[in-house]
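[1] the sequence isn't on hand, but the structure is:
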């Protein structure tokens, strides 16, 4: 790292050649040393098929944005200056349009898992690369001024030189990252389609506190507009924790005539004693969910199921549904609560083989054809469930990817999106719609 001090301006220029290290280590080094990181190739020149990554596509669909916007937003929320390059006017506008939505802590964490720990361009440990970097010449003041003048001369509509210099200074000046990297944008209302759908809903939804032993679980409850008492569904969130989409899904269940309750299983686990929203660091929420004690999860879910079953508007029948990580937890909950009316597992893995014998409720699996990570586990689970004499009704939705219920809820991609993106959305949307018909059909028979 080097510093360059100009005679007529006071701003440090720090040249930081990042060694291959994990995202969390890089962030810590930046904060501890007051380094302003810049990303000069945020899309890695399209390497590793990044602009078609299924995880990034799922998150982009959740916000009604493009993958490129999600990448830039991820960098921005980490306090990194993203410098995307494009010659297309519409792409430039899209790259700037990233300040009116916010990635959740869970989404930040899941994107960080894509870090391979190696450079997409060259190996920092290679002796030849190290020699080349060490011999790089730092620019002189005269060279920088000449570079700015050259830029100004070749612009179609030249701008004042002093403004060009100021822009260069602002882009390069170093400032310590704020405690909250996205604090400057905290007041901007997010344009989240799931949040907007909730705000338009005519149904009554409320947050309640449910006692679970010595814990208090925060849960979102939505009531249907029906005359009689209704069946209840416990909705278990994804690895992203409590989100607007999970709440929207609960509202959609209420629209279908069921009481839905979605607990935040990170309640009380945040650094300030809160839940999912209490985690400012993207990696923290993923680690917290990973480290949740299984017995605590079971206790929380039992407490929430007991609470909703006893509501005056409830008929006492309780089912469970979960998505992604929550899908696996829904399957596991069926091994711990014999009274469940049904378990709906959306792209989640099965429980431990020795616990399958304890399942009483029928289990309905909803899986994606383009999700080998989870799909490869299904045949073995089918074999174990069949051997134990349990009901395990599986449907795989071809053309859909992991997370298709959320991805299919999202608005369609823009008209100028590439064909692969459009096809992925069509597959997820079809799977989502078909799965809803099946899901409501089973619920009606409970």
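    Structure received. Given the structure is predicted, the values throughout are model-derived calculations rather than measurements.
[2] how many residues are close by residue 42?
    For residue 42, the count of nearby residues is 21 (other Cβ atoms under 10 Å). From N, CA and C alone the C-beta is placed, and that goes for glycine too.
[3] out of everything not next to it in sequence, what's closest to it?
    The shortest distance from residue 42 to any non-neighbouring residue, by Cβ to Cβ, 6 or more residues apart in numbering, is to residue 82 (4.7 Å).
[4] and that neighbour, its phi and psi?
    With angles defined as degrees, to the nearest 10, residue 82 sits at phi -90, psi 130.
[5] that one is in contact with residue 43, isn't it?
    No: in this structure residue 82 lies outside contact range of residue 43 using Cβ atoms under 8 Å: 9.6 Å.
[6] tell me the pLDDT at residue 141?
    What the model reports for residue 141 is a pLDDT of 56.
[7] then the one 3 residues further on?
    pLDDT recorded at residue 144 is 57.
[8] which element follows the least confident helix or strand in the chain by mean pLDDT toward the C-terminus?
    The helix or strand of the chain with the lowest confidence, counting by mean pLDDT, DSSP states H and E, is helix 161-172 at a mean of 48. Using DSSP states H and E, the helix or strand that follows helix 161-172 towards the C-terminus is helix 193-200.
[9] contact partners of the helix or strand following that next one?
    Per DSSP H and E, the first helix or strand lying C-terminal to helix 193-200 is strand 205-212. With Cβ atoms under 8 Å, 6 or more residues apart in numbering as the test, strand 205-212 has contacts from 198, 216-223, 247, 250-251, 254, 261, 263, 299-300, 302-304, 307.
[10] try it again at 6 Å.
    With Cβ atoms under 6 Å, 6 or more residues apart in numbering as the test, strand 205-212 has contacts from 216-217, 219-222, 299-300, 303-304, 307.
[11] out of these, who's nearest residue 399?
    Lowest distance from residue 399 to the contacts of strand 205-212 (Cβ to Cβ) belongs to residue 222, with 30.3 Å.
[12] give me the pLDDT value at residue 2.
    With respect to pLDDT, residue 2 has a value of 38.
[13] likewise for residue 298?
    Residue 298 is given a pLDDT of 98.
[14] that one contacts residue 336, doesn't it?
    Yes: using Cβ atoms under 6 Å, residue 298 makes contact with residue 336 at a distance of 4.8 Å.
[15] in the protein, where's the longest helix?
    helix 419-444 (DSSP state H).
[16] excluding chain neighbours, give the residue nearest to the residue nearest in space to the middle of the chain in space.
    The centroid of the chain falls nearest to residue 107 when counting by Cα atoms, centre = their mean (2.3 Å). Closest residue to residue 107 in three dimensions, ignoring its sequence neighbours and counting by Cβ to Cβ, 6+ apart: residue 59, at 5.1 Å.
[17] with residue 40 instead?
    Closest to residue 40 by Cβ to Cβ, 6+ apart is residue 83, at 5.2 Å.
[18] okay, buried residues for the longest helix of the chain please.
    For helix 419-444, the neighbour count (16 or more other Cβ atoms under 10 Å) marks 421, 424-425, 427-432, 434-436, 439, 443 as buried.
[19] rebuild these as CSV, extending it with distance to residue 396 and pLDDT.
    Shown next, in CSV, are these (distance: Cβ to Cβ, whole Å; pLDDT from 0 to 100):
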residue, distance to residue 396, pLDDT
421, 22, 93
424, 16, 96
425, 19, 96
427, 12, 97
428, 14, 97
429, 16, 97
430, 13, 98
431, 9, 98
432, 14, 98
434, 11, 98
435, 11, 98
436, 16, 98
439, 15, 98
443, 20, 98
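[20] so residue 335 makes contact with residue 358?
    Yes: taking contacts as Cβ under 6 Å, residue 335 lies within contact range of residue 358: 4.6 Å.
[21] tell me which of those two has more neighbours.
    residue 335 (22 against 14).
[22] how near is residue 247 to residue 423?
    Distance, residue 247 to residue 423, by Cβ to Cβ, to the nearest Å: 29 Å.
[23] likewise residue 378?
    24 Å.
[24] sorry, back to before: export the contacts of strand 205-212 to CSV and append columns for distance to residue 344 and secondary structure.
    Shown next, in CSV, are the contacts of strand 205-212 (distance: Cβ to Cβ, whole Å; DSSP: H, G, I helix; E, B strand; the rest coil):
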residue, distance to residue 344, secondary structure
216, 26, strand
217, 21, strand
219, 18, strand
220, 18, strand
221, 18, strand
222, 17, strand
299, 21, helix
300, 18, helix
303, 20, helix
304, 16, helix
307, 20, helix
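[25] so, low pLDDT: which residues of the protein?
    Counting by pLDDT under 70, the chain has low-confidence residues at 1-34, 45-48, 87, 116-191, 281-282.
[26] strands of that one, start to end?
    38-39, 81-82, 205-212, 215-222, 230-236, 259-263, 314-323, 343-346, 363-370, 392-401 (DSSP state E).
[27] strand partners of the fifth one, parallel vs antiparallel please.
    In this case it means strand 230-236. Strands flanking strand 230-236 in the sheet, each with its direction: strand 259-263 (parallel), strand 314-323 (parallel) (DSSP bridges).
[28] what do you get for the last one?
    Note on strand 392-401: by DSSP bridges, its sheet partners are strand 363-370 (parallel).
[29] what about residue 91, neighbour count?
    Residue 91 sits with 15 neighbouring residues when counted by other Cβ under 10 Å.
[30] ok, back up a step: next up, the contacts around the residue nearest to residue 42.
    By Cβ under 6 Å, 6+ apart, residue 82 lies in contact with 39, 42, 72, 75.
[31] what domains does the record give for the chain?
    As assigned by automatic domain parsing, the chain contains the domains 23-181, 193-444.
[32] just these: most buried one?
    Most buried of the domains of the chain by mean neighbour count (mean count of other Cβ atoms under 10 Å) is domain 193-444; its value is a mean of 19.
[33] end-to-end on that domain?
    Counting by Cα to Cα, to the nearest Å, you get 28 Å between the two ends of domain 193-444.
[34] now do it: distance to the chain's middle.
    When C-alpha coordinates are averaged (Cα atoms, centre = their mean, to the nearest Å), domain 193-444 and its chain have centres 15 Å apart.
[35] wait, what's in contact with residue 84?
    Applying Cβ under 6 Å, 6+ apart, we find residue 84 in contact with 42, 95.
[36] at 8 Å instead, please
    Residue 84 makes contact with 42-43, 68, 72, 95 under the criterion Cβ under 8 Å, 6+ apart.
[37] same question for residue 80.
    37-39 are the contacts of residue 80 under Cβ under 8 Å, 6+ apart.
[38] ok, back up a step: contacting residues around the residue nearest to residue 40?
    Applying Cβ under 8 Å, 6+ apart to residue 83 gives the contacts 38-40, 42, 171.
[39] ok, which pair from those residues is furthest apart?
    The distance between the two most remote of the contacts of residue 83 (Cβ to Cβ) is 14.5 Å, for 42 and 171.
[40] at which residues are the helices of the stretch 251-400 of the chain located?
    With helices called from DSSP state H, counting those that start in this stretch, the stretch 251-400 of the chain shows them at 282-290, 294-309, 325-334, 372-375, 378-387.
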